[in-house]
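In: The sequence isn't on hand, but the structure is:
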């Protein structure tokens, strides 16, 4: 028997393996909860359902959707981490593709044109550049 705990608000449901509605052709996806008598009925087939099995199925679906949402959030977080550089490259490409705009260098304020060889002049170590900029800011502030 596999145990599974589903957290729902401030409640925890421990689920133990069972077949939900084992011999039914209807999946009972639309149900009505009647407060008079605590009756649960399926809107599709009109059958009265066991309240426990309905709650059990709801917990299983909730857990499934929560796992999907968590996976989606993780994927978005990973994409956001890797996309800062990609977003900057897309902005430059968008400006160049418009044929009427050009991105501006944040340091000198001059336009950067495709024929300027953006990115082909070579590379510099990132840590060295960050130290150089920090040193320049500290000496310019005197």
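Out: Looks like it arrived, so ask away. Just so it is clear, the structure is predicted and the values come from calculations on it, not from any experiment.

In: show me where pLDDT drops low in the chain?
Out: Scanning the chain for pLDDT under 70 picks out 1-3, 8, 13-24, 82-83, 119, 141-142.

In: Which helix runs longest in it?
Out: Of all the elements of type helix in the chain, the one with the most residues (DSSP state H) is helix 51-97.

In: Show me what it is packed up against.
Out: strand 3-8, strand 11-16 (3 or more CB pairs under 8 Å, 6 or more residues apart in numbering; DSSP states H and E). In short, each C-beta sits where N, CA and C put it, glycine included.

In: do you know how far the residue most central in space within the chain is from residue 67?
Out: Among the residues of the chain, residue 73 comes closest to the average C-alpha position under CA atoms, centre = their mean, at 2.8 Å. Counting by CB to CB, to the nearest Å, the separation of residue 73 from residue 67 is 11 Å.

In: Residue 38 too?
Out: Distance from residue 38 to residue 67, by CB to CB: 30 Å.

In: Kindly report the same for residue 39.
Out: 31 Å.

In: same deal with residue 35?
Out: For residue 35 relative to residue 67 (CB to CB), the value is 31 Å.

In: neighbour count winner among these two?
Out: When residue 35 is set against residue 67 and neighbours are counted by other CB atoms under 10 Å, the residue ahead is residue 67, at 10 against 6.

In: got the contact list for residue 70?
Out: Listed by CB atoms under 8 Å, 6 or more residues apart in numbering, residue 70 has no contact partners.
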